[in-house]
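> Dropping a prediction and its sequence here:
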Amino acid sequence: MLQQIYPPVAHDYAYELNKDMHFAAAHYIPHDDAGKCRRVHGHTYFANVTIAGDELDGSGFLVNFSTVKKLIHERFDHHTVNEDELFDDADPGRYPTTEIMARTIWEIVQEHLDVQPNKPRCLQVFLRETPSSYVVYRPKAVR
Ligand SMILES: Nc1nc2c(c(=O)[nH]1)N=C([C@H](O)[C@H](O)COP(=O)(O)OP(=O)(O)OP(=O)(O)O)CN2
Ligand SMILES: [Zn+2]
């Protein structure tokens, strides 16, 4: 597992949790401007998800680390991202670019957190697509 320091998020929640994970996936960007990335190719993506909150659940967790991993890893590992229903080759707002994948990971995680009684918030998703390219997604309003 790649270990690295991720950009910190400013907040005043009492607890902050970070989960690192990686997944292997294929994708393509269905647009002429994407050049070589128009062709199907694969990456080992590295993701870091930052979650914060003031209250813990009955287990003493903000959220279970393994649940966060499962939400993302089981969905994308060894899949073609374009085939996932959250992406759409006919809608540029739903192409599997690093930016849109980072935002989509945030949407998946936050949808799960929204139904937890202790109401944690996903503050940041860091997604590295290649050794030289990564995106950080932060929702506009965090509190
Ligand atoms: N803003 C974005 N630009 C590009 C994206 C993207 O998602 N957002 N994606 C790609 C391709 O999918 C490609 O897989 C990654 O591109 P790139 O970083 O250029 O890959 P290289 O390994 O060739 O990078 P080098 O640093 O030149 O080795 C393209 N652009
Ligand atoms: Zn790519």
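Good, I have the coordinates. Numbers count the residues shown, from 1 in each chain. Ligands and ions are numbered 1, 2, ... in the order given.

> Quick check: phi and psi at Trp106.
Dihedral angles of Trp106 (phi, psi; degrees, to the nearest 10) stand at phi -60, psi -50.

> confidence score at it?
Note on Trp106: pLDDT of 98.

> who's in contact with it?
Neighbouring residues of Trp106 by CB atoms under 8 Å, 6 or more residues apart in numbering: Cys122, Val125, Tyr137, Pro139. No exception for glycine: its C-beta is placed from N, CA and C like everyone else's.

> okay, how far is it across stretch 33-47, tip to tip?
Using CA to CA, to the nearest Å, the end-to-end distance of stretch 33-47 comes to 25 Å.

> List the buried residues in it.
His43, Tyr45, Phe46, Ala47 (16 or more other CB atoms under 10 Å).

> Listing partners with orientation, what would you give for the host helix or strand of the second one?
The reference is to Tyr45. Assigned by DSSP states H and E, Tyr45 belongs to strand 41-53. Paired strands of strand 41-53, with direction, are strand 15-27 (antiparallel), strand 121-130 (antiparallel) (DSSP bridges).

> Redo the contacts of Trp106 as CSV? Include pLDDT and neighbour count.
Below are the contacts of Trp106 laid out as CSV (pLDDT from 0 to 100; neighbours: other CB atoms under 10 Å):
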residue, pLDDT, neighbour count
Cys122, 98, 26
Val125, 98, 26
Tyr137, 98, 19
Pro139, 96, 14
